[in-house]
Structures are given as C-alpha cells and as structure tokens.
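[1] coords below, sequence missing:
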C-alpha cells in the first residue's frame, strides 16, 4: 500500500508547498478544478460521477493540506478494500518521518514538473533553486 500512501502524502506536500510550484493560487486552482469537472460531468465515468459531489461538497482537495485530511483520505481509500490494509495506520509513520518524506518530495517534484513540461503538457513551474 506504500504507493497509495506516497501518492496521497505527495498531494499533501504539494498543497503545503503550492506557491513554490505554481503561479496560480491554490484555492483558485481547486475552484477551477471543481468547475471544470462539473462542466464535464456528462463525459465522466459513472464511478467518478458518484464521487464528484463528495469531492466538491467536502472540499477533499483542500483537505489535503493537513495531516488530518490525509488521515481521512487514507481512511476513505481503506474502506474500498475488502481485505485489511495498513492505510489507517500510515499517518503515525508519516508523522514520525515527516521531515525526511518532505525532503524526498521537494527533491522529486521539481523533476516531475520539468518532465511533464517537456514531455506531456505545460506544467506551471517556478524554480525553487
């Protein structure tokens, strides 16, 4: 489950360090995402159509800025599995290794922005170095 945990945790670190990577405000970005997704509802898969109101009503994207929000996200993901997972215990490990994990994110994310900028799409990127 480490991949799921890292993915959600990196969403947290991106929220925390948003201004280092984007010239668009975090709240403005979230609102634009909500609006864009709402407009494209007819084209979305059925499973996502059911999740979209929850994403917007509970402001899930904004909740990732806190570890409590990450804990809730991992709990929601855990509930989708039929078998037992370690997702609900992850925040304790995250708290114990927070600075090290944050450093990993800050080392990794600029490279991912450069990659996406040159290979996939224009990533709004502002150098942190």
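    Perfect, I can see it now. All figures in this text were calculated on a predicted structure; none of them were measured in a lab. Residues are numbered from 1 along each chain as shown.

[2] State the distance from residue 57 to residue 5.
    Distance, residue 57 to residue 5, using CB to CB, to the nearest Å: 25 Å. Yep, even glycine has a C-beta here, placed from its N, CA and C like the rest.

[3] For this structure, give me the ranges with low pLDDT.
    Low-confidence segments of the chain (pLDDT under 70): 117-129.

[4] mind listing the helices for it?
    In the chain, the segments counted as helices under DSSP state H are 2-16, 18-21, 26-39, 46-57, 60-63, 67-79, 90-96, 98-119.

[5] From the centroid of the protein, which residue is nearest?
    residue 11 (2.7 Å; CA atoms, centre = their mean).

[6] So for it, what's the nearest residue that isn't a sequence neighbour?
    Residue nearest to residue 11 in three dimensions, not counting chain neighbours: residue 64, with 4.7 Å by CB to CB, 6 or more residues apart in numbering.

[7] contacting residues for that neighbour?
    Going by CB atoms under 8 Å, 6 or more residues apart in numbering, residue 64 touches 8, 11, 12, 14, 15, 70, 73.

[8] what's the farthest-apart pair in the residues you listed?
    14 and 73 (13.3 Å; CB to CB).

[9] which of these two has more neighbours?
    Neighbour comparison, residue 14 and residue 73: the larger count goes to residue 73, with 21 against 17 (by other CB atoms under 10 Å).

[10] For that one, give its distance to residue 113.
    For residue 73, the distance to residue 113 - CB to CB - is 23 Å.

[11] Residue 70 too?
    Counting by CB to CB, the gap from residue 70 to residue 113 is 22 Å.

[12] how near is residue 62 to residue 53?
    Counting by CB to CB - residue 62 and residue 53 are separated by 15 Å.
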